[in-house]
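K.L.:
below: sequence and its predicted model.
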Amino acid sequence: MLTTKLPPLQRCLLLVSRRASHLARQQYDVIVVGGGHAGTEAAAAAARVGAETLLVTQKIHTIGALSCNPSLGGVGKGQLVKEVDALDGLCGRAGDWAGIHFSILNRRKGPAVWGPRAQLDRQRYRQFIQSELLSTPRLTVLEGSVEELLITEPDPEKPGHHRVTGIHLANGSHPISASSVVLTTGTFLSGSLFMGQTTSPGGRIGDAPSSAGISHTLRERLGLRIGRLRTGTPPRIVKKSVDFSQAELHLPDSQPTPFSFLNTRTCCKPEEQLPCHLTLTTEGVERVVQESLHLNCHIHQDTKGPRYCPSIESRVLRFPGRKHQVWLEPEGVNSELVYPQGLSMTMPPDMQLRLIREIPALHQAEIHTPGYGVQYDFVCPTQLSPALQVKSAQGLFLAGQINGTTGYEEAAAQGLWAGVNAARWALHMPSVALSRTESYIGVLIDDLVSRGVTEPYRMFTSRAEFRTSLRPDNADLRLTLKGFEEVGCVSSIRYQEAVRVRDTLHEGLAALQALVLSTPTWRKKLPDMGMSEAKSTVLTGMDVLQYKDMSFEMLASVFPESLSHYMEFSQRLKIEAVYRPHCDRQKKEIERIQKEENMSLPQDIDYFSLPVSLSQEVREILDRVRPSTLGAATRLQGMTPAAIVHLLNYVRHSGQKDRTHSNQKEETEEELCAQNASLPQ
């Protein structure tokens, strides 16, 4: 079910401008600052929950822009996209519309670690996001720059030292009030661009940084701990100047796999997909890096950069003498540019041209736009709650690179969850959280708020302890039902589809379980299955489907009356059967962990005077981070198992005392009521 034909970009911009020009109200439930991946998901999610929402962005036509690599998904990142889609987010459907090269990474490994990925057409992706936002009820878009946050005295009934009540625009217009504000400033928060020895303010080439007033408000007025991170982007290369014959051809999957659970196909037909190419660096590349170091101020900065997506300068310095991969990726169906993934660089433009021409496939390459580095402020995320709300500031939520992450997918996931909770705060509903046992989004947020970051955070499947349960194929079953019934961010159409899928899968699994035959009978019916002759027992269809070379289609051909009704979900039934034993064991482990992990830690605990055996270092860590649950405390750097046990015992003991006191109070009240009832009226 692909979205219908999108309006032209010019019409999109006209509609947005019309919305902005009719900005009559000065009071909203939620204001979202920033129109990147985090901001667009936050704004759409807040509106879906039911909040009157305003999205403020510096430039309307860059809403949904792919600032760096025109791609979506990957190992770990693809799981996030699937989960965002399961919660009715935008990026999965946008990827299906704009994708031009689809592939499943890690295909040789188990489905739990498959990584759905797609190269995207930049223009089509931006058009889709803008069209979706413009058709979202309760959402208004405004072009402008936010000068500062409006801050007042806090509500004494709620935790926090300050209260954020809206924004002030840089153009001097009237302040705009809101019950909650979501900051998604990306690399624009006090952003600086670096190229060679040249430095200029900006968060992306051609775009100014966010107002210095926001950084000042966060640091000086709210007292938040602010750090500095860096990232970079490669030069864009003119496509016709590339010698693709000297690079290794990589074709997409013959049948594209959609990101969205609502789609059975992608917009791009299988035969219309574009290829990617792989090449390698040479000794000449290393030589140019060494010769240009004295001209490269960005690479000498102490600011932390992304370890998993470093610049070519960092890779050469860290691994001298090694050849490094460079992927030549298309930027769009009609684009004349190529994105050289792996060649992020910040040296002077003339040295960049020298470097890329040391690669055989790029020996005559022409640069359209040089690469550059970006440095920007971020807020240490341990100051946030699992709802992504600043603990010390009522109504202020943060999402995306401002929290120390890197990547579109991580930003989108945070944006959606911050938008949900900002809307719930504004509508006087309790906040919601996702456990790391039920989603990659939960892993992401828990890692951020519990552990913090020392470098830009990137999602990997290895970060999830329960990845056999948190597979890309079952994100809808894990999250869509909860998103509708508990969170309120999922449409009834998507919910009904998820219920249909759940019920059909349950019926299919029951049908497999009902097929009970002896092993000799199974061998007779499926002679090519490879079942051992020595094995003599009774097996169900579920057991047989767990065999590596057995497919659901093969079983359905033998038992058409029982199984043919479920062919629509043949792959999902195969995956469910294979992972069922692992998931059953993991479910018990999850239940045990959740029982203790979800134990709440009172936010008013005085850790320094706590009457338990804790080191001064542990007390300082707990006091600084103030984890909301015992599970969050276990993942803090510096926490010891002994400290967790002491904390657990204290919370249990104090909880029992509270319950005893409460019971005694109730008994006393009952006695008084009984006495009053016996008095003459």
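P.N.:
On my side now, so go ahead. Note that the structure is a prediction, hence the values are computed from the model and not measured.

K.L.:
which other residues reach the helix or strand residue 632 falls within?
P.N.:
Using DSSP states H and E, residue 632 sits within helix 630-634. Helix 630-634 is contacted by residues 386, 435-436, 446, 449-450, 593, 596-599, 601, 622, 625, 627, 639, 644, 647-648, 651 when judged by Cβ atoms under 8 Å, 6 or more residues apart in numbering. Every residue, glycine included, has its C-beta placed from N, CA and C.

K.L.:
and it, what's buried?
P.N.:
Neighbour-count burial for helix 630-634, counted by 16 or more other Cβ atoms under 10 Å, picks out 630, 631, 632, 633, 634.

K.L.:
from the contacts of helix 630-634, list the buried ones, please.
P.N.:
For those, buried by 16+ other Cβ under 10 Å: 386, 435-436, 446, 449-450, 593, 597, 599, 601, 622, 625, 627, 639, 644, 647-648, 651.

K.L.:
and the helix holding residue 632, C-alpha only, in PDB?
P.N.:
Output in PDB follows, covering the C-alpha atoms of helix 630-634 (Å, rounded to 0.1, in the frame of the first residue of the first chain):
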ATOM      1  CA  LEU A 630      17.100  -0.200  39.100                       C
ATOM      2  CA  GLY A 631      17.800  -1.500  35.500                       C
ATOM      3  CA  ALA A 632      19.100   1.900  34.500                       C
ATOM      4  CA  ALA A 633      21.400   2.000  37.500                       C
ATOM      5  CA  THR A 634      22.900  -1.400  36.600                       C
END
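
K.L.:
closest to residue 69 out of the buried residues of helix 630-634?
P.N.:
Using Cβ to Cβ, residue 632 comes nearest to residue 69 of the buried residues of helix 630-634, at 32.1 Å.

K.L.:
any regions of the stretch 451-600 of the chain where pLDDT drops low?
P.N.:
534, 593-594 (pLDDT under 70).

K.L.:
now the helices for it?
P.N.:
Secondary structure of the stretch 451-600 of the chain (DSSP state H, counting those that start in this stretch): helices at 475, 481-482, 492-514, 519-525, 541-545, 552-558, 560-563, 570-597.

K.L.:
can you check the stretch 51-200 of the chain too?
P.N.:
Going by DSSP H, counting those that start in this stretch, the stretch 51-200 of the chain shows helices at 77-86, 91-98, 122-134.

K.L.:
what segments of the stretch 301-450 of the chain are helices?
P.N.:
312-318, 349-356, 408-426, 440-451.

K.L.:
now the angle from the last one to helix 408-426?
P.N.:
So that's helix 440-451. On the basis of axes from the mean of the first three to the mean of the last three Cα atoms, to 10 degrees, helix 440-451 is oriented at 80 degrees to helix 408-426.

K.L.:
which element follows helix 440-451 toward the C-terminus?
P.N.:
Downstream of helix 440-451, the next assigned helix or strand under DSSP H and E is helix 475.

K.L.:
and the contacts of that following helix?
P.N.:
By Cβ under 8 Å, 6+ apart, helix 475 touches 79, 82, 83, 85, 86, 261, 439.

K.L.:
got TSV for the residues you listed, with distance to residue 476 and neighbour count too?
P.N.:
Below are the contacts of helix 475 laid out as TSV (distance: Cβ to Cβ, whole Å; neighbours: other Cβ atoms under 10 Å):
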residue	distance to residue 476	neighbour count
79	13	32
82	8	26
83	9	30
85	8	29
86	5	27
261	5	22
439	12	26
